[in-house]
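Participant: one predicted model, sequence on top.
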Amino acid sequence: MKVTQLNIYPVKSLKGISVNQSELLSSGLAWDRRWMLVDAQQRFVTQRQLPLLATVEVALNADALVLSHPNVDPLSIPLEEPSGNLRIVKVWDDHCKAWPESEEVSCWLEVALGESGKGLSLVRFATQFKRLVEADFLDGGEADTHFADGYPFLITSTGSLNALNSALNKNGSQPVPMNRFRPNIVVETDEAWAEDRWQSLQESTGAFALTLRKPCKRCKITTVDQQTAHIPDPAEPLKTLITLKTQPTLKGGYFGQNATLSAGDGQLIRVGDEVMATYRAV
């Protein structure tokens, strides 16, 4: 098996960036989910509330995070940490420490997104703070992440996407690209739902290893076209994914596996890397 895609999402719920290689860190791929948008109550805001966030492009250069949108000139945000007082912001039930970015970013978002952008501000994860992953699935270990929903890595496979698109075709629905599921690491496989049986994924020479912890329950973001922010009716592929019951003992639709880094902190992962899986005991 090979790694066929690597994706980072520097700003939670904005467009992702496909990369050819990335540094593996215990908290996720380098620069993944380092920023997020919050409302006036300092709660995280995603495409669940504002599908239009999918239309904001993101880029990284040597010095800056760059936001782009057709409605406004691009905005550069220095990578150097901002000064000012730390805020407490909320991701689900977690309270995190974050640096607020400038008011210029809030004004830019309002111009780019119109009424939907009002009241939003951008915050950056304070790296001196550690946000721990839920302990229930860590077998006594410990892991941390930044502003991801819950885990530092999300792994999906081409075999599972092919199976889902085959089911969509039978329903008369359009196929969907992998970006609907916003994975970090995509592995090429022939077998559908193979990742649901993997216990770990290791680079063939042992440079790194990831432990798969928990199936990823999918939400309405999977129904948002990641180019246009359009949501079809009926809202696919979530409707079909639920009927497939890829996790028979759990309610809802599942696609991909949440993972943590078990070896190789600081190593590079590259598109084209050969990987091997170990399997859970049946």
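Facilitator: It's in.
Participant: from residue 33, how far off is residue 94?
Facilitator: 13 Å (C-beta to C-beta, to the nearest Å). C-beta: built from backbone N, CA, C; applies to glycine.
Participant: for residue 129, that is, sorry about that
Facilitator: 14 Å.
Participant: equivalent analysis for residue 228, please.
Facilitator: Here the criterion is C-beta to C-beta. By it, residue 228 lies 23 Å from residue 33.
Participant: more neighbours: which of the two?
Facilitator: A direct count of neighbours by other C-beta atoms under 10 Å for residue 228 and residue 33 places residue 33 higher, at 23 against 11.
Participant: check contacts around the more buried one.
Facilitator: Listed by C-beta atoms under 8 Å, 6 or more residues apart in numbering, the contact set of residue 33 reads 9, 10, 11, 12, 125, 145, 146, 147, 148.
Participant: cutoff 7 Å now
Facilitator: 9, 12, 146, 147, 148 (C-beta atoms under 7 Å, 6 or more residues apart in numbering).
Participant: list phi and psi for it.
Facilitator: Dihedral pair for residue 33: phi 50, psi 40, per degrees, to the nearest 10.
Participant: which residue comes closest to it once chain neighbours are left out?
Facilitator: Counting by C-beta to C-beta, 6 or more residues apart in numbering, residue 147 is the residue found nearest to residue 33 once chain neighbours are left out, at 4.1 Å.
Participant: cool, and residue 176?
Facilitator: residue 237 (5.0 Å).
Participant: residue 277 is in contact with residue 195, isn't it?
Facilitator: No. Shown here, residue 277 and residue 195 do not form a contact pair, counting by C-beta atoms under 7 Å, at 8.1 Å.
Participant: quick check: the gap between the residue nearest to residue 176 and residue 161.
Facilitator: 10 Å.
Participant: between these two, which is the more surrounded one?
Facilitator: Higher neighbour count among residue 237 and residue 161: residue 237, with 26 against 23, using other C-beta under 10 Å.
Participant: from what I see, that one and residue 222 are in contact.
Facilitator: Yes. Counting by C-beta under 7 Å, residue 237 does reach residue 222; the two are 6.0 Å apart.
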